[in-house]
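Q: Got a predicted structure here, sequence first:
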Amino acid sequence: QFHLVESGGGSVQPGGSLTLSCAASGFTFDHYTIGWFRQAPGRERERVSCIVLSDGSTYVADSVKGRFTISRDNAKTTVYMQMSSLEYWDTAVYYCAAAPGEAMCVAASFDSWGQGTQVTVST
């Protein structure tokens, strides 16, 4: 059964760091693309970063470039997103999602989603 579970969210002060994890099961891991998306209250869902699991190629949104890093551990079937220099506007629910093959990093490409993990940046 296809399953994605996010973890690692929490509250952090501006300038702080968090690492999110997306544990995947129920599918052939390296045949997919995993993406991180976020949605803040009153705002549209936003793509953050994606990684093609077969070759490790990545996409990173301009809004987080240089601050967020996506990576994978194929043996653990887990994708990580290291977030540093967090700012207030990074506050959102962060979702990981899976798309078959080498997918474009747009939400419409992804058909399996996790339940989300809250990230709150505040003093």
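A: Sure thing, it's come through.

Q: what about K76, how many neighbours?
A: Applying other C-beta atoms under 10 Å, we find 12 residues neighbouring K76. All C-beta spots, glycine's among them, are computed from the backbone N, C-alpha and C.

Q: Ok, T58 next?
A: By the measure other C-beta under 10 Å, the count of residues near T58 is 15.

Q: Return the distance of it relative to Y32.
A: As for T58, its distance to Y32 is 14 Å (criterion: C-beta to C-beta, to the nearest Å).

Q: likewise L18?
A: As judged by C-beta to C-beta, L18 and Y32 stand 24 Å apart.

Q: what about the two, which has more around it?
A: Shown here are L18 and Y32; by other C-beta under 10 Å, Y32 has more neighbours (24 against 21).

Q: Tell me what that one is bridged to.
A: Per DSSP bridges, the residues bridged to Y32 are P100.

Q: Find the centremost residue of the chain, please.
A: When the chain is reduced to its mean C-alpha position, the closest residue under C-alpha atoms, centre = their mean turns out to be W36, at 2.4 Å.

Q: Contacts only, for that residue.
A: Under the criterion of C-beta atoms under 8 Å, 6 or more residues apart in numbering, the contact partners of W36 comprise 20, 22, 47-50, 70, 79, 81, 94-97.
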